[in-house]
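A.B. asks: Build me a structure from this.
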Amino acid sequence: MGKIVIVRFSFFFFISLSIGKQIGYTKNQLTDWSQPNTVDTLMAYRELVEADSLRDKGQYSQAIKAIQTAQRIYERGKYRVRVIDCLVRYASILDAADLPIQCMQALRKAQNYASLYPKLNLHRLKADIDLKFAELYIPMRKSDSVTYFLNRAEPVFDKIKDWEKFTYCEILRAGDYYYASNFKCMEVSLSLALQRAKQKLPQTNDTFSVIYRLQGVMYDALGDYEKAIMVAQDGLRAVLAKPRLTSLDSSYVVTFYNNIGAMYYSKGDYDRTIDYYTQALQFAMRQKSPPVPTLLSIYQNIGSTYNKQGNTDRAMAFYMQSMKYTQGAYVQQIAAIYFKISGLFIKQKNSQQALYYLQKGALLQKNEQKDIEIYYLRKAECYVLQRQFQQALDTYEVAIQASQHNQNAPTETIIRQKMADVYLQQKNYRDALQQVKQGLAIVYPSRRKGGDENAFQLSQTGDRLSLLELLCLKSKIYQQWAVTAITQPIRQQRLQTCHRLNQTITTLYDTLRLNYPWENSKYLLAQKASPFYKGAMEVALQLHQLIGQELYLNHAFGFAEKNRAVVLQDALADTHARQHGDIPEKVWNDEKRLRINLIFYTRKLIEATASKDSLRMTRYQQYLFENRRKLEALTTNFQKTYPEYYQLRHDTRPVSLQAVQVRLSRSQSSFIEYAEGVDDLYAFCITPTTRRVVRIGKIRAIEQQVNRLRTSLTDYAMVTESSSKAYNLFTQSAYQLYNVLIKPVVPIQNAFPKHLTIVPIGSLSYVPFDNLLDASPVRSKSSSYARLPYLVRKTAISYAYSASLFVDVSPVKSTTQAGTLLAFAPAYSSANQRTTVSPMYRSGNQTAGETPLSETQQEVKQITGYFNGQAYLDKSATKSQFLQLAEGYDVIHLAMHSRADEQNSNQNTLFFTPEKKQSNSHLDAYEVGGLQLNARMTVLSGCETGYGTYQVGEGVLSLARSFILAGSKSVVMSLWKAEDRASASIMDLFYKGLADGLSKDEALRQAKLTYIDKSDDLTGHPLFWSGIVVIGDASPLVLPKHKILLWLSSLVLILLTILAWRHGKTMLNMYFFTKAKFQSTSSY
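C.D. replies: Down below sits the predicted model:
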């Protein structure tokens, strides 16, 4: 867990450095220091200097030996004040080593020694010692002792006008209130301390920093992380604003960075946590003598954060790095590291290694009670791995007792959660719920008795993530408990209780996610929430089956929607809110500038990392940190200053089934959304008139079938070298998956739907559906793929990231002229013309330029004939040219090498023509995401542009997704390596269909069918044509010709009607005018 440093500001350290000045001796007492130095006193002085150095390095045992040597010398010479100085220094070392009991013993010894000489005027020293006693008693939660010592010290400091320590007494009272969870009194004490400081101390005094730190800690404990971070950042800026930083100032800066990182840790924003911990580490390392305890703490904090992110390798690396600073450290610190490493092995389910490091830590700790609850917690977890549940429960009980003795509430919460898990595995649901209830009482103490048991607010807890984890566990318990219900009413009651809780949890997850400014933290939260949404969807479906209410089907669909593309939806909603949320253009430009800076420095950091230039890496990390901080502050200002933006941004309602039906009625399409339950795959099928859900089967079995199909589609060697094996593998897999995924789902009354929109999930995201076979092919030794009954022959298929994005088709900006095309086809080197059928892939797995593409330029020349196009070929197809022009075109076509990076989705790449003045020619996914495109369609005619890492709870992180994120309404992409000639042929046919007014999915369908009809036995294989798919808005780019004629005919008819009406009106007016004139003449 990220450790927040509560109060580590110790005046005692300075007393030990200049005790003569601090105590204020009389002339007689000063002789103790002013006596001539002897060889012995000089030797003692060197020992004290050495002790200070050893303490700063964390070598406490050696430092104590040096202090004791100096003390013996002074005792022999009867230098009484210097003896007291040694005792004080000894206490400060024990305090630095986090040994409060031993520190108290040393202070009492100093106190007793001073009382032996009442003639010495040591009132200030005694007050200092009382102050230190109060500070030590605070974390022990002994408020009476704290009050006693503060009441003794405070009048002394007031009398001698030591305003710094006088203020510090009130700060310590605030710290005492913190440990008593009395935050109202803590706020009052801090306000009083701040008032004293402003009245008596200069603005540059370090006491202000201490107050700001404690205010941040207070708001963090209250769960108001935004305010906590804001206050802590104000304190940090106050210190950094000093013209010159002392060593003490530097320690404050490190502590501020560390504390802010811990606040982000509590918030669950682990990216920012690591940013601030890294800043703390770098700042500490810049000091001449880095404080070893601080380095030890920061390395462990970073390791714990990576552990939370699931990156156990990085966590282990930082834990091992911290071991380098344990030389001379006290055994408790080393034991704590062993316990953390043990936890990593438990997460990897390696109980043997976990027990090994656990025992190493226990041997070091011996009889010490500090962190003993962690030892028992880890030991119980090892028992669980070995399925010794009763031993685990017994050990958990001991751990709870230890945590209560040490007043370690966060650890007790974790223990109770672990116990509930064990009870759940034993199907002991009542005891499991009891443990969850007790855990909730710790993390949510403000809950009223007798109130709504599902009424929770994130602002009322200091540990949001633990609250969510406990509530999700409670939901899981009720869901499994419902299965065991003897009667239907009891089952229904438990399911309804679970469902109400699930709605509360969903609201909490939405609130938490919207408070995260960075997508990696959102990905991690979505991954954690995914199992909950799977269970919540199944609970709603069971209630729908039991009760039959349509409401529960809608809720089930809403839970399924929450488990896909939520980060993408948030980003697009944020862009929409910025554009329509009354934000001034200047502020909008500032935000855009910061995002451009982030893209630039990210690129520079990647380059510096590749060249292993540590100096540049540190510099660019600092630039990134500062720009992220400014962008975060600007985003927070958006929410406070522009209410319309806030309202648009925080609309997290999921799309309804009815909204999808309304959208379908306009497009004459059917819609299928696949959704994962706990173990089973489901499909929501929606038509303009019907909506239903179908249970497909077990996820694991379906994944195996999908993997076989993908192998048959992407293994070129098998297709060419073992044609019969490849043919049979493909046809069997494609037919089986049709019977599993399509046949039971799509309602076929008279004919197959004309258009089919699919929202895939999991492994389904990596295979196209149009090559599924709706009839069983005859097993054959020949491999004639052209005549197979593909699904593409029946329907036009498009894809969507989610139903919400399918329904929300907002118009593009008016700055884009409809039908304008921007196309790029780079030249990597002189292309060698190929006459063989062997594939030429548009893959950037090698550096751009090694593999020429012979068809891309011809492809671009052909498609620009169908639209008002601007083509950039050869050397003019540069990255800088694209970035300059991309935002002004309606259609973007990129025919080039591309690469999908499975390790880092931000480095999915498109390769342009290299430029002499540019350091690189490739456009990465994170750069694309920073654009503001206005295109209705982007065509990525390269390899694997729809392929990438699958992020649980989000989907495939591909290049195509980056273009959707940048504002493109649809993307045509490839799911595997695109063969050059086949891609060029299909693209030509595709654009011809678009120019004729076909929808994107229908134009792509017609292009594929034409290609298949003209192909031979080999090139008709789906490997060549089925990997190209369209995702997003599939509507036409131009009106079809027959609709244009109909529209013109209607216009002419309207004009004729208007003319006829006007002509008739004129004739009628003339008739009445003539009649009136005749009557007028007759009257004379």
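
A.B. asks: what residues are up against the closest residue to residue 200 other than its chain neighbours?
C.D. replies: Distances taken as C-beta to C-beta, 6 or more residues apart in numbering put residue 163 closest to residue 200, at 3.6 Å, once the chain neighbours are dropped. Where C-beta positions appear, they are placed from N, C-alpha and C, glycine not excepted. Shown in contact with residue 163 (C-beta atoms under 8 Å, 6 or more residues apart in numbering): 157, 196, 200, 201.

A.B. asks: in the stretch 701-850 of the chain, which spans are helices?
C.D. replies: Using DSSP state H, counting those that start in this stretch, the helices of the stretch 701-850 of the chain run over residues 716-721, 723-737, 803-807.

A.B. asks: State the mean pLDDT of the second one.
C.D. replies: For helix 723-737, the mean pLDDT works out to 90.

A.B. asks: what comes into contact with it?
C.D. replies: So helix 723-737 is contacted by 705-706, 708-709, 711-713, 715, 718-719, 767, 771-773, 775-777, 779-783, 785, 788, 1021-1022 (C-beta under 8 Å, 6+ apart).

A.B. asks: Whichever of those residues end up buried, select them in ChimeraX.
C.D. replies: Only the buried entries of the contacts of helix 723-737 go into this ChimeraX selection, using 16 or more other C-beta atoms under 10 Å:
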select :705,706,708,709,712,713,715,718,719,767,771,772,773,777,783,785,788,1021,1022
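
A.B. asks: so which helix or strand takes in the most centrally placed residue in the chain?
C.D. replies: Closest residue to the average C-alpha location of the chain: residue 521 at 1.1 Å, with C-alpha atoms, centre = their mean. Per DSSP states H and E: residue 521 is located in helix 519-547.

A.B. asks: Could you list the buried residues of that helix?
C.D. replies: Counting neighbours by 16+ other C-beta under 10 Å, helix 519-547 gives 519-526, 528-544, 546 as buried.

A.B. asks: ditto for stretch 197-211
C.D. replies: Buried residues in stretch 197-211 (16+ other C-beta under 10 Å): 197, 201, 206, 207, 208, 209, 210, 211.

A.B. asks: Adding pLDDT, secondary structure and distance to residue 337, write the residues you listed out as CSV.
C.D. replies: CSV is the format used below for those (pLDDT from 0 to 100; DSSP: H, G, I helix; E, B strand; the rest coil; distance: C-beta to C-beta, whole Å):
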residue, pLDDT, secondary structure, distance to residue 337
197, 90, helix, 38
201, 89, coil, 39
206, 81, coil, 31
207, 86, helix, 34
208, 86, helix, 34
209, 83, helix, 29
210, 85, helix, 29
211, 89, helix, 32
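
A.B. asks: Of those, just say which sits nearest to residue 74.
C.D. replies: residue 206 (30.5 Å; C-beta to C-beta).

A.B. asks: Phi and psi next, for the closest one.
C.D. replies: Reported as degrees, to the nearest 10, the phi and psi values for residue 206 are phi -70, psi -10.

A.B. asks: so it makes contact with residue 249?
C.D. replies: Yes - shown here, residue 206 and residue 249 form a contact pair, counting by C-beta atoms under 8 Å, at 7.3 Å.

A.B. asks: Show me this protein divided up by domain.
C.D. replies: Annotated domains of the chain cover 657-804, 809-1038, 1040-1084 [automatic domain parsing].

A.B. asks: Now the terminal residues of the first one, how far apart.
C.D. replies: So the one you mean is domain 657-804. 10 Å (C-alpha to C-alpha, to the nearest Å).

A.B. asks: In terms of helix, strand or coil, where does the nearest residue to residue 510 once chain neighbours are set aside fall?
C.D. replies: Closest residue to residue 510 apart from its sequence neighbours, by C-beta to C-beta, 6+ apart: residue 652 at 4.2 Å. Three-state assignment for residue 652 (DSSP: H, G, I helix; E, B strand; the rest coil): coil.
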